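Participant: Fold the following for me, if possible:
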Amino acid sequence: LINCDKEDGTCLRKYRKRCMQDMHQRLSFGPKYGYLSELQSGEQFLETIEKERKTTTIMVHIYEDGIKGCDLLNSSLTCLAAEYCMVRFCKIKASNTGAGDRFSSDVLPTLLVYRGGELVSNFLSITEQFNEEFFA
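Facilitator: The predicted structure is shown next:
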């Protein structure tokens, strides 16, 4: 009888696990990304924000080469994009935004978070908040 209870418990755990996986797959509808994409222009940036599904979260890293923390944030976002494939991760050089004067080197790296075409949150000069050594 003791062995039967153990087998029943194992079967029940396997069944629960399979049910949770099935439910997760059914609830995970919509586009999947899994990578950090490079936006080439301010127009592409606006188009990405405006034309994405209303339920999709978009994280945009505004960066410039040679600024502390920008390469590190790009690496971190690449890792996060692989793990959170339902979130769209993008990056754009400040000089390509068309508003480069607004993104001087003292506010970079900057991370903007959008949902439904609206800015949800912004993080300016992330290295001041996380120090210069951070990871995903």
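Participant: Residue 49 and residue 125: what is the separation?
Facilitator: Applying Cβ to Cβ, to the nearest Å, the value for residue 49 to residue 125 is 22 Å. Quick note: C-beta positions are derived from backbone N, CA and C, even for glycine.
Participant: which of these two has more neighbours?
Facilitator: For residue 49 versus residue 125, neighbours defined as other Cβ atoms under 10 Å are more numerous around residue 49 (20 against 15).
Participant: How about the more buried one, nearest residue that isn't a chain neighbour?
Facilitator: Distances taken as Cβ to Cβ, 6 or more residues apart in numbering put residue 114 closest to residue 49, at 5.2 Å, once the chain neighbours are dropped.
Participant: Show me the contact partners of the helix or strand hosting that neighbour.
Facilitator: Assigned by DSSP states H and E, residue 114 falls within strand 110-115. Outside of strand 110-115, the residues that reach it under the criterion Cβ atoms under 8 Å, 6 or more residues apart in numbering are 49, 52, 54-63, 73, 94, 103, 119-126.
Participant: tell me which residues of it are tucked away?
Facilitator: For strand 110-115, a neighbour-count test (16 or more other Cβ atoms under 10 Å) marks 110-112, 114-115 as buried.
Participant: For that strand, which strands pair with it and how are they oriented?
Facilitator: Using DSSP bridges, strand 110-115 pairs in its sheet with strand 57-63 (antiparallel), strand 118-123 (antiparallel).
Participant: Tell me which helix or strand comes right after the longest one.
Facilitator: The C-terminal neighbour of strand 57-63 among helices and strands, as given by DSSP H and E, is helix 70-83.
Participant: before we move on, what about the shortest one?
Facilitator: The helix or strand immediately downstream of strand 118-123 is helix 126-130, counting by DSSP H and E.
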